[in-house]
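> kindly return the folded structure for what I paste below:
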Amino acid sequence: MTRFLLTAAAAATLVFTSAAWTEQAAVDLAGASMSRAAVPAPGPRAAMAPADGPDRLVEGVARLIAGYGSGGRIGPDGIERYIGTKRADLRAREMREFLQADLDNDLSVSAAERDAHVAAADAGDRVRLLTDFRAADLDEDGTVGFAEMRARAHANAIRVLSEQNAADLRDLMLFDLDGDGFVALDEVRLLSPGPGRGA
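So this is what the prediction gives:
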């Protein structure tokens, strides 16, 4: 029973933490840094922190159900929509910096366009921008093409919301006590330890 609760708690931790993370990301990522390693999604160990108690678990699942479920419950399709939506948002935010540098709208950034974009940036961002553009230029031809932008954006999305994080979210289905293929908030409450609750 303990492993069951910790696994499900890990999933819920990502859910409710990502709500705060998404709000912060809207500020941090809206045209700011392209390197997202500093804003990682929490992994399973984060679920075991004392501050992440049963009330926060229920709160996080409630947010997930409200945003991606229907009828007061969520199934595997809703969880996959959440994962897909978050990763799509991360990809879009990552590509924004490249597309802002694409002065001639040809879906590639030449060295001249990169240099103009870097020169217009704040002094503190210039080294990061140069590093990010060089890292994205996989074939080292001096141009970041659309396929390279997409590859960089995809890698970032997987780094921030990793496969382990996605597996933790999918484990939320362990709360499906009645076997109907959906998790309702009452099922989560029943299995969440705390005063007046199960386990």
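
> could you use CA atoms for every contact and neighbour count after this?
Fine.

> I'd like the next helix or strand past the helix or strand bottoming out on mean pLDDT in the chain.
Ranked by mean pLDDT, DSSP states H and E, the weakest helix or strand in the chain is helix 2-29, scoring a mean of 40. Going down the chain from helix 2-29, the next helix or strand is helix 54-68, by DSSP states H and E.

> where does this protein have low pLDDT?
For the chain, applying pLDDT under 70 flags the ranges 1-53, 193-199.

> around Gly179, how many other residues sit close by?
Per other C-alpha atoms under 10 Å, the neighbour tally for Gly179 reads 10.

> kindly report the same for the one 4 residues further on.
Here the count is done by other C-alpha under 10 Å, and Val183 has 24 residues near it.

> and the residue lying closest to it once chain neighbours are set aside, how far from Gly84?
Using C-alpha to C-alpha, 6 or more residues apart in numbering and skipping residues adjacent in sequence, the residue nearest Val183 is Asp176, 4.8 Å away. Distance, Asp176 to Gly84, by C-alpha to C-alpha, to the nearest Å: 22 Å.

> the more surrounded of the two?
Neighbours were tallied for Asp176 and for Gly84 using other C-alpha under 10 Å; the higher tally belongs to Asp176 (18 against 15).

> now do the contacts for the more buried one.
Applying C-alpha atoms under 8 Å, 6 or more residues apart in numbering to Asp176 gives the contacts 182-184, 187.

> those into TSV, with extra columns for secondary structure and distance to Glu80?
TSV is the format used below for these (DSSP: H, G, I helix; E, B strand; the rest coil; distance: C-alpha to C-alpha, whole Å):
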residue	secondary structure	distance to Glu80
Phe182	coil	13
Val183	strand	14
Ala184	strand	16
Glu187	helix	20
